[in-house]
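**Q** Structure, please.
(chains A and B)
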Amino acid sequence: MLQVKNKSFRIGAAITLFMLLLILVGTFWTPYDPNAMSAAEKMAAPGLRHPLGTDNFGRDILSRVVEGTRATFLVALCSVAIGLLAGLVIGGLTGYYGGWVDELLMRLNDSLTAFPSLLLALVLIAVFRSGKYSIILVLGVLFIPSFARIVRTEVAQQKALDYVRSARLMGVRDMRVLFVHILPNILPVLLSSVAIGFNNAVLAESSMSYLGLGVQPPDASLGRMLNEAQAYLLRAPWYALSAGLAVILLVLGFGLLSEGFGGEGRA
Amino acid sequence: MLLVTLLLVSLIAYLAFEIIPGDPTTMLLGSDYSEERAEALRESMGLNRSVLVRYLDWLGSFLHGDPGTSYSYAMPVREVLRGKLAVTAVLSLMSWVLVIGVSLPFGIALVRYQNKPFGKLGVSVNQVFMAFPPFFLGIMLTYIFGLLLRLFTPGRFIPFSESVPGCLAYLFFPALAISIPKIAKTVKLLRASILSEMKRDYVLTAYSHGSSRWMVLKNHVVRNALLPVVTYLAMSLADIVASSIIVEQVFVVPGLGRLLVASISNRDYPVALCIVVMIASVVVIMNYLADILTQAIDPRVRLS
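**A** Model prediction:
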């Protein structure tokens, strides 16, 4: 069913696994307490004691980046989950049954996808106010249309195929056809869009938090770290560089994975 | 159709800012707050009327160039916006020109030298740049060109009125930060589009006539392959405006984006609403133009 073996996929998987490992280890252990300050070691350059150096409060940057990556990843995970679940239900039902609800939702969808998601996120955050949970909710809601559209298109295509017809002729219930028969067949496309979703979520979260409208202190986030780091750019460039690199690796990993699923290697 | 969409967009934006919990009078009055004063203020601001009436009222004055009064600056939104629109427009256009000017030759070159080291390396480098968030690129450009090479002073924006070349030179760096990831995405799209065109029959015909690879590319393939790219480029202006919201923050450019972020943080909704509706209108209009443009270059689209 799923046979993806291409270069994009392999490199993407390697980067993503590396980041996931970092997050997993970071959940239980970081070299230092990410919030422990040390007056003696302010803005220390990368070295043996602190592999990525320290920030303006003498906090260990490696530990902070791991903590921030974990936080950013969790926000992305939750918002993609919201978007995917709602998108699966809405897209699945409208694609399967069609009708005027389907027409209406797709028109709405068309007009929504034309807008830059950052602009929509800014409007929604003005409504919901900032914070970790609002940003998850806002991004989750923003992802629903694109997931719904992809699921809808795929389901509508599969519906016309013989295996679905024969299943229905055999009297299999609609919900079972939809989720047991059709779902596995649209998995590669779905995985590809989940990876893109992660990609966008990481970018959106870090942008919003950088602007001060996303995750708020004391919660960690790569975007907030970049905002802090910018003030100490000249004296501690390694701070911004490490946090930025973490964002890039997350985005690059998911981007390549998505291409691996959806590109030439599609089964 | 275009007008309906624009109306709908402005209505949705208006309603979004309308359902925000909290009463603006509480914030405006601050420590002077009393029930009577709040009531009087609500009366004078027209907050007692129905939402639809207020929307139509707002729309009427917005179209007449008077989008209301800012809460936090206590002056007309038009005054607050003065000069900011031009800065963002110049920044966005500059980024757009950079995207078009760099991605087309670069994308074609990547296909031309597909099997040479340049082509192979270019594809990988391109992939990496796609993953760069514009604001992080902005921070890096600030560090390298602003702090190390001292080509510009980060945070010291030069207004048009002071020096036009100085202003453009300052805006070049934010424009670079906005356009680099966009260039990478356009190049990828163009390259994929050209490579899929290369598999068509007419390419084989052209080769059989004795055309070289470069001739086939230049005379036949690129024209056809450009079609999806042109649409993409026309639509990408909207994304560029969105990126400039955040990149303006990095370079402390006093444009619409910085004002939007500040007005959302300060809950200055008349300003935020005005900016959102303006940007949204640009998006809608650009998408409309992209459609027309696609039909103009390729008559086949009109028929289907």
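**Q** Against residue B:235, how distant is the residue in the stretch 101-250 of chain A positioned nearest to chain B?
**A** Per CB to the nearest CB, residue A:116 is where the stretch 101-250 of chain A lies closest to chain B, at 3.3 Å. Every C-beta, even on glycine, is put in place using the N, C-alpha and C of the backbone. With distances taken as CB to CB, to the nearest Å, residue A:116 is found 10 Å from residue B:235.
**Q** and what of residue A:62?
**A** To residue B:235, residue A:62 is 40 Å away according to CB to CB.
**Q** of these two, who's got more company?
**A** residue A:62 (20 against 17; other CB atoms under 10 Å in any protein chain shown).
**Q** the helices in the stretch 51-200 of chain A, which residues?
**A** A:61-97, A:99-113, A:117-128, A:132-159, A:162-169, A:174-176, A:183-185, A:187-210 (DSSP state H, counting those that start in this stretch).
**Q** The stretch 151-300 of chain B too?
**A** Counting by DSSP H, counting those that start in this stretch, the stretch 151-300 of chain B has helices at residues B:164-197, B:201-208, B:213-216, B:222-251, B:256-265, B:269-297, B:299-303.
**Q** Burial check on residue B:109, number of neighbours?
**A** 15.
**Q** any idea how far the residue lying closest to residue B:236 once chain neighbours are set aside is from chain A?
**A** Distances taken as CB to CB, 6 or more residues apart in numbering or on different chains place residue B:182 nearest to residue B:236, at 6.1 Å, with adjacent residues excluded. Separation of residue B:182 from chain A (CB to the nearest CB, to the nearest Å): 12 Å.
**Q** Next, count neighbours for residue B:182.
**A** 25.
**Q** Please name the residues that touch it.
**A** B:95, B:99, B:103, B:236, B:239, B:240, B:243 (CB atoms under 8 Å, 6 or more residues apart in numbering or on different chains).
**Q** quick check, nearest of those residues to residue A:6?
**A** Using CB to CB, residue B:103 is the member of these that lies nearest residue A:6, at 24.7 Å.
**Q** Could you tell me the per-residue confidence at residue B:21?
**A** What the model reports as pLDDT for residue B:21 is 60.
**Q** Name the residues of stretch A:104-113 that are buried.
**A** A:105, A:106, A:109, A:112 (16 or more other CB atoms under 10 Å in any protein chain shown).
**Q** The second one against residue A:145, yeah?
**A** No: counting by CB atoms under 8 Å, residue A:145 is not a contact partner of residue A:106; they are 9.6 Å apart.
**Q** how many neighbours does the closest residue to chain A within chain B have?
**A** Proximity of chain B to chain A (CB to the nearest CB) peaks at residue B:242, 3.3 Å away. Neighbourhood size, residue B:242 [other CB under 10 Å]: 25.
**Q** Looking at it now. What's its pLDDT?
**A** With respect to pLDDT, residue B:242 scores 85.
**Q** And for residue B:113?
**A** pLDDT, read off for residue B:113, is 85.
**Q** One more: the one 10 residues further on?
**A** Per-residue pLDDT puts residue B:123 at 87.
**Q** what residues are up against residue A:61?
**A** By CB under 8 Å, 6+ apart, residue A:61 lies in contact with A:50, A:52, A:53, A:54, A:55, A:238, A:239, A:242.
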